[in-house]
Structure formats: C-alpha cells, structure tokens
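>>> give me coordinates for this.
(2 chains)
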There are 2 protein chains.
Amino acid sequence: MAAQRPSRDALIALEQQLSAEYSEWQSRKLNLDMTRGKPNAQQLALSDALDGILGGHFKAADGSDLRNYGGLEGLPEARALFAPMLQVNPDEVLIGGNSSLTLMYTSALFAWLHGPCGKDSAWRLEKEVKFLCPVPGYDRHFAICEDLGIGMIPVAMNDDGPDMDAIERLLKTDSSIKGIWCVPRFSNPSGVVYSDAVVDRIAQLGKIAAKNFRIFWDNAYSVHALHDQAPALASLMDACRRHGTEDSVYIFGSTSKITFAGAGLAFMGASKANLAVLCKHLGKTTIGPDKVNQARHVAFLKDTHGIAAHMLKHAALLAPRFDAVLQALDSAFADRSMGHWTVPQGGYFVSFDTVPGCASAVVKLAAEAGVKLTPAGATWPYGKDPEDRNIRLAPSFPSVDDIRTAMAVFTCCVKLATVRRWLQG
Amino acid sequence: MAAQRPSRDALIALEQQLSAEYSEWQSRKLNLDMTRGKPNAQQLALSDALDGILGGHFKAADGSDLRNYGGLEGLPEARALFAPMLQVNPDEVLIGGNSSLTLMYTSALFAWLHGPCGKDSAWRLEKEVKFLCPVPGYDRHFAICEDLGIGMIPVAMNDDGPDMDAIERLLKTDSSIKGIWCVPRFSNPSGVVYSDAVVDRIAQLGKIAAKNFRIFWDNAYSVHALHDQAPALASLMDACRRHGTEDSVYIFGSTSKITFAGAGLAFMGASKANLAVLCKHLGKTTIGPDKVNQARHVAFLKDTHGIAAHMLKHAALLAPRFDAVLQALDSAFADRSMGHWTVPQGGYFVSFDTVPGCASAVVKLAAEAGVKLTPAGATWPYGKDPEDRNIRLAPSFPSVDDIRTAMAVFTCCVKLATVRRWLQG
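Modelled structure (predicted):
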C-alpha cells in the first residue's frame, strides 16, 4: 500500500481539496443514519398482514386457547416451523418473546447464576469467567458479557470463520473460558459464512472445554441471503450429534429481520437436557410466552417454503442498498490503498477497515457532516479496536438515494482522515 | 368450635355417611380444575377485537414505526394509559413484555446482581438476603425468592393488610430484609384490600429499612372489582412522595386479566431514579418491547373509562362464579365449625381455612375424586403451611355448573377430612 502513497506535496494538495469537499458536505446539513441493522419500512410492510391474520380464530393446533396462560416452550406448530432455521429438531426448540437478545442474556445469566448443568456448574463459582469473541463482532453480545462481569478475549476472524487454531489453543490452556460468541452465517459485521470444516471443529470444542462451556450460536441471519447462490451453513447440532457434544451449544434465532423487528418472535435451539435446565428457571420468570403472536407467525409464514419466499422479497429490497454501498466503495477506493471491505452475500452489514489509526477520525468526521455511523470500536470487546480500523456500515434502513449520499460523505471522510494520517508520518 | 363437635358415635356415623358420599363422587370420574387464576374463555373473548384492531396503521403517536426496534420504556401513549392503574405518573411507567412476573423477577434479579441503587447496593454482596412474605400469599412470588436464594419470613395478614407492627419490628432488628411482597388490592388469595392507614405505613418503611430495601407492590388486581362498592386502594407512590420514600417501591401490573392472559401487556411503576437503574441493565437484554401489541391495547382500551367499562364485563362473568363458591360454602358450613373463608370483593380467589391439619388431606381427597385444587401449602413460603389449613380456591376458569359440582366435591372432602381428623383425637 505504501508504494501507492502520493508524495508529501501531493498529499498536502489532496488534503486541501478533500477539506473543501468535506466543508461542502457539512454545509448541506445532512441527517443520515447508518448505525444499526434496522429493517426499513418497506421491509416491515411485507408482514403487515400479521395483525389480524387469525381472523378471530384463537385455538392452537392442539385445541388449547392461544389467549390464555401457559405453553412455556412455545406452540408445537411454532417449534416445528422454526426448527429448520435453527437446524435442530422441533423438540429442541424454545419459542421466547420478541427478542433473541433476551434469550441470549437469559441463557448466559442462568449459566452464571444457576449453572448450565447443575448447581456446581454455575459460572459465578469460578474465580474468573471469560468468553471468546471473534472480531470484528456484535456490540450487543459484548455488552451482555460486560453486564455480567464476564471477561472477553478477542479472536481473529478468517474468511471461513473464526481462527480455530487459536480457539482450540486457548481452550486447552485457559479453563476460565466458558463461552464463545458466534454469528455463523453472514456474520455481524463481516458477512463471513462459517465453512463446513469450521462448523465441525466448533462442534468438537465441547470435547476440549470444561463441562460448563457453552457455544452461543447466534444464527441471526440464517435465512437472510442477498441472492440464491449464497453459501449454506452446516448444522451445528448435527455436527454435535456426530461428536456427542449436543449439550455444548445454545442456538439462537428470531424473526426480527423476517417479520417485525420489534414485534416478531425469538427462539432458541438446545439439547433436551439444556432445555430442561433453562425451562426450570424460565418457569420462575413467566407463565408463558405470547402464543397469539406465535400463531400469527405460523399462519403468516406457514412453512420453510413460505419463509424462503418471504425472504426473497427482503433480498429484493436489500440488494440495491448493498450495491449502493459497494459501488461507492469500489469507485472511491479502486486500488484499495485507503481501505478494505467485505462483500457480503447476506446479513445486514458491510465491514470496512481503514488504514490503521483512522476509524475513529472517520466516524467523527462523518458525524460532523450529518452522517451517523456505528461508533468506531463498537465491533470490538470493550469498544476498543486496537488498530482503530474497523467500521460497520449498516445500509438496510436508509433509502438507496440516502445511502448514495451517505456513502459519498463516508468516502470523502475516509480519504480525508487517511490523507491527514499519512501527513502525520 | 369444639363445643359444636358431635359425639364420637355421631362422628363414626358421619364418617361412614361421608365416605359413601365421597365414593359416589369418585365413581363419577370427574375432571375439574380449580387450581389457577386463569380467565375463562368468555372473559378472553371480550378482547378478541385486539387482533387486527390497528387496521394496517403502524405509526405511534410520535410518528415512530411500531413495527421496528426501540422504545425500551414503552410507547408514551401506553405509559399514559396504564399510569393510573399503577397510581404513578406516566414518566414513572415502564411497559414490558407479556408478563408482570418477568418484570418482578427481573427487578429482584437486577437488585441482587447489580444493586437497586449502585454497585455497592447489590444484594449478592450481603451475607444474607430475606423477604417479608405476608401469608397466605402467592406461590409464584415465593418461587422467585427461592430461585434467587432469598430467604422468606412469613408475616400474618389482617383484614386491613399485613401485620404492620410485626413488619416494622422485623425491619428494625434485621437488616438482611431487602424486600416485601404485597398484593395490595384483592390480595392473592385472601382478597384483602390494604387500608389507607396500612398503605401509609408501608410508604414509611423506606425510612426504617436499608437503602437497598424495595417494596414489591404487585397490584395485579387493581381494577378487578366484582362490584362497584368494592373498596379503593390508596396510591402507594403518592404516600411515598409525602414521606420522601419514592425510591423504596417497585409497582407492578398487567393486562393479563384484562385482555389476553398470555398475550397482554405487563408494566411497572417506579421512581425515575429506579427506572434509570433498571433500564440501564434492561437495555442489555433487549432492544425494546413489542410496541405493536402496546398500540393494540391503546386502541382497544383507550383510556381509564374504557378500562373501567371493560372490567364491568369481566365482573359480570366472574361474579356468578364467586357466588357459586360462596353459596356452596355457606350452605355446607353454616356454623363455621369446619372452616372459615374470605368473601372477596374482587380479584381471583377465595381463601379457605380448614381446621388445623386438614388442608393436605382435603386437596388429596379432592384430587382423587377428579377435582384439582392448588396444592395445600402453596400459599406459604417453601410450600409449608405450618398449620396445614389454607386452601386457595380459584373459580374463574370453570363454568358455573362445573364450579357447583367441584364445590360439592370440595365440601364433601372438607367434611370427610375434618371428621376423620376429629376421630383421631
């Protein structure tokens, strides 16, 4: 990259030109937001039929009353509907409320408080508890660890998933490691899909790790491909069955990015032994989930084919937004001297790496020109990106026109921050 | 009572007669259930219009999209709607998911884990943590304490609320007491409504107790009167404001027994300082509640008058069921020698006290004759009623005819168990 760097005089001229361009953007008083992976209004409208879909019919398939209490594990028909998404059997599914984050927090909390497999296994009885965190990763995962006082060890992400050599080495030498966060398909934010080989090695971690170690497999984007050639994900539970490690995994999913982001369903997959432990304590916190909303989703999505057909409509709305981001990056940074980025085939993000030491400056410049980005560092534990490089771009919510504008600002900010960095030395 | 007890010979004859009657019931192979405070299907049907009520209109009053993420504290219009039920200001309301039990568990858990008012206030840092439990009380409250390892001290209930002399004395001498469970209007199961004087004394507990003590004010039946002469409940938060103890209370409510038991809304009231602490951690567990369901409830219930009108319809369905229970008890135990019971003016339960040592036998006999009752002891911490007397009758779910049958079995079982007990000595 250094070979392509312009001379100092050229850099000074470039800085002046970019500063002028940046001032121009500032004067426009923009107010654009690319911070979060929120579905846009057109996507949400794809599921408007949910409300009222029951047409006054409030009976579950087994004849029970949807409106009343009960059914801690979820409606059988909802468990069957979402089992393929979690790649587990229907009797390994728990349907929760509207938030998979809540299921993740609850699972981690119960493991900490009560133990994932009996009183003696409670993490709070350990001197120290740590999680492995593939980076860049999802800030809300890291926030759960921070809230529960769980330490975090960053692990590098490769093109086929996290660095398994490093993970196996760490697990063999540090028994305080009790969990790992994974977003295995269209990872947040890198878009990586874990390869079959990586999934198989992850399924074997239960043989290396302590009995109270759990893989937090957040398959948030399991059916969220941007096109139909996107790579599939192997079933972790199937791999675990081969290796006899079914109890080592908690699998999470939701319809937050299928139906309504705030009014959808969250669910998890786990071995029957794990589900029994979770439900024992979950039953102290609730008399049961919202079965009416579960029935709405069953009536609306119907089956795996129904989900697939619905996701094509999302892809049609999302693909042009991702294209707008990628076109802007391609045309601004053709030689890749000022940054690298991922080209995701699904999910909600593009992960952009600046040259070292520039991410914070870029986010700050963009904010001051009216374009909000996810805070630099957010994709790292404790919000600290050691090289200050990674920026998560979330193109789902704004319109294509707004994305084009936001990306014009973003690319200007990257160039300006990079040139200023180069001028410093 | 002993004065009215029949002679031994008469008791033997009575036992034979009751045994024959009981066998007759057994031969009927009944399958009736009076265990839980579940609304019946007619009650649930009062709110069927909820599903579809939005008619495709998914905008909140402030213009935000109901379907998307966000709004941790709840929709402003939902907070305003339920504030009067919690007897607090709208900005002191948090709207949660579908279960107030979850809000109670979460509040207790966060107090235990993170502290109700700063890190140093975490209950887990104390040598011991105990709750005061007015008895008879609600088994699911006690289950939360057990799940979190919190000790429980039973306190007697009087006709005007819990024994405040005992509570004040205990709080002055035992600093490990960090909470108290209260169901202040139509208490579960006694039906007691706390008097204004008791509410005022409870509001002053914050002056006696440690800074991290919290009153868990589960106002589950706040608008659930059986007739319009039922006594009102004074506002605890107003009383706390007079005494400067606003931070000592968590107030809970839900629409579980207003709209759909499993698909309603749960909410809590707390000082702004308490809400800030709760929301700080709640924000790690979820991106926000189901705002679509909140909007449905606002559209359906509209305002305080709408709620009151709706509750009259519930009362019309519930009153005959309570009458059937009370008539059966009055006619079977006119002289009260075999038991005493409450005559509630609202709520979901009748509390029945057998002569000492009979409750378990009654519940067992009833079960073996096909009538399921709440387990004896359930209304006491750890399921242990020291005198084995209290039985909670829940008449909301069965039909009036089924209640009449179930009560005929129940009264037969009470008589048989009592006579057998008397015969033992």
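
>>> contact partners for the residue nearest to residue A:198 when sequence neighbours are not counted?
Nearest residue to residue A:198, sequence neighbours excluded (C-beta to C-beta, 6 or more residues apart in numbering or on different chains): residue A:161, at 3.5 Å. To be clear about C-beta, it is placed using only N, CA and C from the backbone, and glycine gets the same treatment. Residue A:161 makes contacts with A:134, A:182, A:184, A:192, A:193, A:194, A:195, A:198, A:199, A:202, as judged by C-beta atoms under 8 Å, 6 or more residues apart in numbering or on different chains.

>>> strand partners (parallel or antiparallel) of the helix or strand containing residue A:157?
Counting by DSSP states H and E, the element that carries residue A:157 is strand A:151-158. Taking DSSP bridges as the criterion, strand A:151-158 sits next to strand A:130-135 (parallel), strand A:161-162 (antiparallel) in its sheet.

>>> any low-confidence regions in chain A?
A:1-4 (pLDDT under 70).

>>> now the strands for it?
A:32-34, A:93-95, A:130-135, A:151-158, A:161-162, A:177-182, A:214-218, A:249-254, A:266-270, A:339-341, A:350-354, A:371-373, A:390-393 (DSSP state E).

>>> got the residues of the stretch 201-350 of chain A near chain B?
Applying C-beta under 8 Å from any C-beta of the partner chain, we find that the stretch 201-350 of chain A lies next to chain B at A:256, A:260-263, A:281, A:284-293, A:296.

>>> list the ones among the residues you listed that fall in helices.
Within these, residues falling in helices by DSSP state H are A:281, A:284, A:285, A:291, A:292, A:293, A:296.

>>> contact partners for the closest residue to the first one other than its chain neighbours?
Closest residue in space to residue A:281, ignoring its immediate chain neighbours: residue A:110 at 5.2 Å, by C-beta to C-beta, 6+ apart. Shown here is residue A:110, whose contacts under the criterion C-beta under 8 Å, 6+ apart are A:116, A:277, A:278, A:281, A:282.

>>> quick revisit: from the strands paired with strand A:151-158, which stretch is densest packed?
strand A:161-162 (a mean of 25; mean count of other C-beta atoms under 10 Å in any protein chain shown).

>>> centre of the chain versus that strand, how much separation?
Here strand A:161-162 is found 14 Å from its chain centre; the criterion is C-alpha atoms, centre = their mean, to the nearest Å.

>>> can you list the residues of the stretch 1-150 of chain A near chain B?
Looking at chain B, the residues of the stretch 1-150 of chain A close enough under C-beta under 8 Å from any C-beta are A:36, A:38-39, A:41, A:44, A:47-48, A:51-56, A:58, A:65-71, A:97-99, A:101-102, A:105-106, A:109, A:113-114, A:140, A:143-144, A:146-148.

>>> out of everything not next to it in sequence, what's closest to the residue in the stretch 1-150 of chain A positioned nearest to chain B?
Nearest residue of the stretch 1-150 of chain A to chain B (C-beta to the nearest C-beta) works out as residue A:52 at 2.6 Å. Spatially, and ignoring its direct neighbours in sequence, residue A:52 is nearest to residue B:52 (2.6 Å; C-beta to C-beta, 6+ apart).

>>> list the contacts of the one you found.
Residue B:52 makes contact with A:51, A:52, A:53, A:54, A:55 under the criterion C-beta under 8 Å, 6+ apart.

>>> from what I can see residue A:136 touches residue A:189, true?
Yes - with contact defined as C-beta atoms under 8 Å, residue A:136 reaches residue A:189; the gap is 5.5 Å.

>>> quick revisit: which of the contacts of residue A:110 lies closest to chain B?
residue A:281 (6.1 Å).

>>> that closest one against residue B:148, yeah?
No - shown here, residue A:281 and residue B:148 do not form a contact pair, counting by C-beta under 8 Å, at 9.9 Å.

>>> who has more neighbours, these two?
residue B:148 (21 against 16; other C-beta atoms under 10 Å in any protein chain shown).

>>> tell me the spacing between that one and residue B:104.
Counting by C-beta to C-beta, to the nearest Å, the separation of residue B:148 from residue B:104 is 11 Å.

>>> quick one, what contacts the residue positioned nearest the centre of chain A?
Nearest to the centroid of the C-alpha atoms of chain A, with distances taken as C-alpha atoms, centre = their mean, sits residue A:188, at 3.9 Å. By C-beta under 8 Å, 6+ apart, the residues touching residue A:188 are A:37, A:137, A:138, A:220, A:221, A:347, A:348, A:349, A:392.
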